[in-house]
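**Student:** Dropping the sequence and predicted coords here.
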Amino acid sequence: MDFQFKSISIEKDHVGVVFCDSKNRLIGHGKKLDQISKKAISSVINNDLSFQKRKSKSFDYAIVHAPNNLKLAKLYVFKLSDSSKYSFRDYQILGGHLFSLISFYQEDKVGLYLDGIVSKGISAVNVASEIILGALLASYKFDKYKTVNKKEKKTLKVKIYSANHARIEKNYSNVVAISEGVTLTRNLVTEPPNVMTPPEIAKNAASLEKYGVEVTILGEKEMTKLGMGSLLSVGRGSEHESKLAIMRWSGHKNKKKKPIAFVGKGVSFDTGGVSLKPANGMQEMKYDMGGSGVVVGLMKTLALRKAKVNAIGVVGLVENHIGNMATRPSDVVTSYSGQTIEVLNTDAEGRLVLADALWYTQEQYKPEFMVNLATLTGAIVVALGNEYAGLFSNNDKLSKQLEDAGKIEDEKLWRFPLHKNFDKMINSPIADMQNIGTGHPGSITAAQFLQRFVNKTPWAHLDIAGTTWTKSQLPTSPKGSTAFGVKLLNRFVNKYYEGK
Ligand code: BES
Ligand code: ZN
Ligand code: ZN
């Protein structure tokens, strides 16, 4: 999809989109077009009783073919509810619905008349930007492995007509930055696990160098030297080399300012290891690198839009496979922090990867805080389904900021408790800790485990096991990888940390 920005005009053979409110009154330039066409538009909607009855945010539409005097091939009237109350996210959803409409009818030259849509506290530029973002996100497609029935791609040209077109255009690169970050995340997660191996994810992280991100990749040799016995224990059964990729974006005017840090679980495929997972559903474990996918995508977004912040992204990349060298349940390993871990279940591997990645991040970069993302536990899906991600943190301010950003982007978080009595549940009889808890709260004991590797750093853990992948289409995400976390963290950075 290709966007252009123009002052209000009517272009021959284009398909126009105007808007009306819940009382079927045309908004902004729609009114003007109605006058020019001698009420061709209002008469269609006034004669369509079923259209008139439909309310709410459901984004219904009516079609006016070749309206009088307008040179337009067609005109869609798109119905809004009380748009004065719309949020940022409502406009993204509106953009998603607009894209569905346009692609359903296979339009290729479309003009959106956005003037006149106003909401409390949201500027005209933001209204347009969120609509465009929603449309871009909804248009995601992954068909590179299809050789037959591949739909031919026509580039859809969309024109934005607005008195504010220059300012909307200026902000467009920020919108593209978000959509490109989300697209990269979705691609990484959707690629099959025989392709998107740990070295391949690392290569994708390294490709951000062209946007000004400094990237360092550690391989097994370097990590062995450092003593990352926890992360390395996970990849022992795999033929693919484990990696730690470190991305560094220095956009703050003070390049020496303490960075903020994002850490991702990147298990390119989780068989469970010797504690093998059942066959049923195992194929889903290709998305067990979702946390790392979000961190790489987010770093791309921050770099593309030249965010005024110093940010570190660290991703622990391993494949959890079976093999003659694989870790056995009851093996004891020594983590990079020096703490020892009794590996009682090789399927609780994400925390082993994050343990070393988190300790490394706080030790190397002394960040202001760390936020890690991981498809960490099945238990979080039992608790929250696919609607919320779990939030665990040692810091109330950080939690609040993350929750707020999540609400704005509709990537919702729900905070769970941490407590020393939960922490006790991971003590081991023979090592400093064991990698599974003795009690029932599986998501919490997993988080308690991570907390033992953050030192005193303010930290938040997002368990995204239930939100990384969607089995049904969402307003701005087709089935499959959602990239849950990219928009949230981009908003969080922008709202609370940029330029500060
Ligand atoms: N990758 C899984 C968690 C997961 C489950 C992600 C479902 C996405 C959807 C993780 O490595 C795992 O296997 N966790 C175990 C932990 C258990 C052995 C303590 C789990 O949740 O069953
Ligand atoms: Zn596992
Ligand atoms: Zn896993």
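**Tutor:** Nice, I can see it. Ligands and ions are numbered 1, 2, ... in the order given.
**Student:** Would you mind listing what in this structure touches ligand 1?
**Tutor:** Among all residues of the chain, those adjacent to ligand 1 (criterion: C-beta under 6 Å from any ligand atom) are 270, 288, 345, 347-350, 375-379, 381, 436, 442, 465. Glycine gets a C-beta too; all of them are placed from N, C-alpha and C.
**Student:** Which ones among those also lie next to ligand 2?
**Tutor:** The subset of the residues of the chain next to ligand 1 lying close to ligand 2, counting by C-beta under 5 Å from the ion, consists of D270, D347, E349.
**Student:** number of nearby residues for the residue in the stretch 251-400 of the chain positioned nearest to ligand 3?
**Tutor:** Closest approach of the stretch 251-400 of the chain to ligand 3 (C-beta to the ion) occurs at D270, with a separation of 3.8 Å. Per other C-beta atoms under 10 Å, the neighbour tally for D270 reads 26.
**Student:** In CSV: the ones next to ligand 2 among the residues of the chain next to ligand 1, plus secondary structure and pLDDT.
**Tutor:** Formatted as CSV, the entries for these read as follows, by DSSP: H, G, I helix; E, B strand; the rest coil; pLDDT from 0 to 100:
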residue, secondary structure, pLDDT
D270, strand, 99
D347, coil, 98
E349, coil, 99
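**Student:** what residues are up against F19?
**Tutor:** For F19, the set of contacting residues under the criterion of C-beta atoms under 8 Å, 6 or more residues apart in numbering consists of 26-28, 30, 77-80, 83, 113-114, 116-117.
**Student:** Shouldn't it be within a helix?
**Tutor:** No - if the criterion is DSSP: H, G, I helix; E, B strand; the rest coil, then F19 is strand and not within a helix.
**Student:** number of nearby residues for the residue nearest to it when sequence neighbours are not counted?
**Tutor:** Leaving aside its sequence neighbours, F19 sits nearest to I27 (C-beta to C-beta, 6 or more residues apart in numbering; 4.6 Å). Applying the criterion other C-beta under 10 Å, we find 20 residues in the vicinity of I27.
**Student:** is it true that I27 touches D34?
**Tutor:** No - I27 is not in contact with D34 according to C-beta atoms under 8 Å; the separation is 10.7 Å.
**Student:** Now the residue nearest to F19, what are its backbone angles?
**Tutor:** Listed backbone geometry of I27 is phi -110, psi 150, with angles given as degrees, to the nearest 10.
**Student:** ditto for I178
**Tutor:** phi -70, psi -50.
**Student:** ok, now K255?
**Tutor:** As for K255, its main-chain torsions (degrees, to the nearest 10) stand at phi -60, psi -20.
**Student:** The residue nearest to it when sequence neighbours are not counted: neighbour count?
**Tutor:** Take K255 and drop its neighbours on the chain: the residue closest to it by C-beta to C-beta, 6+ apart is N310, 7.0 Å away. Counted by other C-beta under 10 Å, the residues lying close to N310 total 24.
**Student:** Show the backbone phi and psi for N310.
**Tutor:** Backbone torsions of N310, given as degrees, to the nearest 10, read phi -100, psi 120.
**Student:** ok, now which ones touch it?
**Tutor:** The contact partners of N310, taken as C-beta under 8 Å, 6+ apart, are R248, W249, S250, G251, H252, N254, K255, K257, K258, P259, I260.
**Student:** do A66 as well
**Tutor:** A66 makes contacts with L72, A73, K74, as judged by C-beta under 8 Å, 6+ apart.
**Student:** Likewise for R54?
**Tutor:** For R54, the contact set (C-beta under 8 Å, 6+ apart) comprises D60, K79.
**Student:** rerun that using 6 Å as the cut-off
**Tutor:** By C-beta atoms under 6 Å, 6 or more residues apart in numbering, the residues touching R54 are D60.
**Student:** isn't the residue of the stretch 251-400 of the chain closest to ligand 3 right up against Q283?
**Tutor:** No - in terms of C-beta atoms under 6 Å, D270 does not count as a neighbour of Q283; the distance is 10.9 Å.
**Student:** any idea how far K157 lies from D2?
**Tutor:** K157 sits at a distance of 5 Å from D2 (criterion: C-beta to C-beta, to the nearest Å).
**Student:** and what of E191?
**Tutor:** For E191 relative to D2 (C-beta to C-beta), the value is 25 Å.
**Student:** With Q434 instead?
**Tutor:** 54 Å.
**Student:** V175 too?
**Tutor:** Counting by C-beta to C-beta, the gap from V175 to D2 is 13 Å.
**Student:** Between those two, which has more neighbouring residues?
**Tutor:** Using other C-beta under 10 Å, the more surrounded residue of V175 and D2 is V175, with 21 against 8.
**Student:** Might you report the residue contacts of the more buried one?
**Tutor:** Each residue near V175 by C-beta under 6 Å, 6+ apart is listed here: S129, I132, L133.
**Student:** just those now: which is nearest K39?
**Tutor:** Of all these, K39 sits closest to I132, with 30.4 Å by C-beta to C-beta.
**Student:** Now the helix or strand where the closest one lies - C-alpha only, PDB.
**Tutor:** For I132, the element it lies in under DSSP states H and E is helix 124-138. This file holds the C-alpha atoms of helix 124-138, laid out as PDB (Å, rounded to 0.1, in the frame of the first residue of the first chain):
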ATOM      1  CA  ALA A 124      -6.000  15.800  13.100                       C
ATOM      2  CA  VAL A 125      -2.500  14.600  12.400                       C
ATOM      3  CA  ASN A 126      -2.800  11.800  14.900                       C
ATOM      4  CA  VAL A 127      -6.300  10.800  13.700                       C
ATOM      5  CA  ALA A 128      -4.900  10.400  10.200                       C
ATOM      6  CA  SER A 129      -1.700   8.700  11.400                       C
ATOM      7  CA  GLU A 130      -3.500   6.100  13.500                       C
ATOM      8  CA  ILE A 131      -5.900   5.300  10.600                       C
ATOM      9  CA  ILE A 132      -3.000   4.800   8.200                       C
ATOM     10  CA  LEU A 133      -1.100   2.700  10.800                       C
ATOM     11  CA  GLY A 134      -4.200   0.500  11.300                       C
ATOM     12  CA  ALA A 135      -4.600   0.000   7.600                       C
ATOM     13  CA  LEU A 136      -0.900  -0.900   7.100                       C
ATOM     14  CA  LEU A 137      -1.000  -3.400  10.000                       C
ATOM     15  CA  ALA A 138      -4.100  -5.000   8.700                       C
END
